[in-house]
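Trainee: heads up, no residue letters with this:
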C-alpha cells in the first residue's frame, strides 16, 4: 500500500504542476487544488480554506494573494463579519480553470475507459474514505 500511495502522490504532484501551468504560467502547482476547492465551495473565507487544507493562515494568505495578483480570484468583505473576507474565483479564473478541468476530465475518461462504471465508483468511494481520515 505504501508503494502505491507514494507513486500516486508523486504522479499527482507532477500532474498538479502541469494543470497549474495550463491555468496560468505563473501559478504554483499547489494552488491548483485551491482553485478546485473554490470552484466547489465559493465564496469561502481564507481561514476556512486553511482549515480545509490543513495549512496555516499565513500560508493560505500567501497563496490567495498570489492568486489575486494573477487575476484568478477576487476578495470581498464578508457581510457577516466586516473584518473577514470571502474569496471566489474571478470571471477570468473561472474561465481558465473550467477549460483546464474539462480537459483533465476528458483525460480521466480516456485513461479509465476500459474500467467498469462500478470499479470507478468504488475507487471514488475509497479515495473519499481515505481523504476523510
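Mentor: Happy to help now that I have it. All values derive from a computational prediction rather than experimental measurement. Residues are numbered from 1 along each chain as shown.

Trainee: measure residue 88 to residue 31 for me?
Mentor: Distance of residue 88 to residue 31, given as C-beta to C-beta, to the nearest Å: 15 Å. Every residue, glycine included, has its C-beta placed from N, CA and C.

Trainee: Would you mark the buried spots in the helix or strand hosting residue 17?
Mentor: Assigned by DSSP states H and E, residue 17 belongs to helix 2-23. Using 16 or more other C-beta atoms under 10 Å as the test for burial, helix 2-23 gives 16, 19-20, 22-23.

Trainee: nearest to residue 53, of the residues you listed?
Mentor: residue 16 (13.1 Å; C-beta to C-beta).

Trainee: Look up the closest residue to that closest one, ignoring the ones flanking it.
Mentor: Distances taken as C-beta to C-beta, 6 or more residues apart in numbering put residue 29 closest to residue 16, at 4.5 Å, once the chain neighbours are dropped.

Trainee: Check the secondary structure at that neighbour for me.
Mentor: coil (DSSP: H, G, I helix; E, B strand; the rest coil).

Trainee: ok so, going back, quick one: mean pLDDT for the helix holding residue 17?
Mentor: The average of the pLDDT scores along helix 2-23 is 87.

Trainee: Show residues contacting whichever helix or strand comes after it.
Mentor: Following helix 2-23 in sequence order, the next helix or strand is helix 31-41 (DSSP H and E). For helix 31-41, the surrounding residues in contact (C-beta atoms under 8 Å, 6 or more residues apart in numbering) are 16, 19-20, 23, 44, 49, 52-53, 63-64, 66-67, 72-73, 87-89, 93-94, 97-98, 101.

Trainee: neighbours around residue 49, how many?
Mentor: Residues near residue 49, counting by other C-beta atoms under 10 Å, number 21.

Trainee: more crowded one of residue 88 and residue 31?
Mentor: Comparing residue 88 with residue 31 by other C-beta under 10 Å, the one with more neighbours is residue 31, at 22 against 16.
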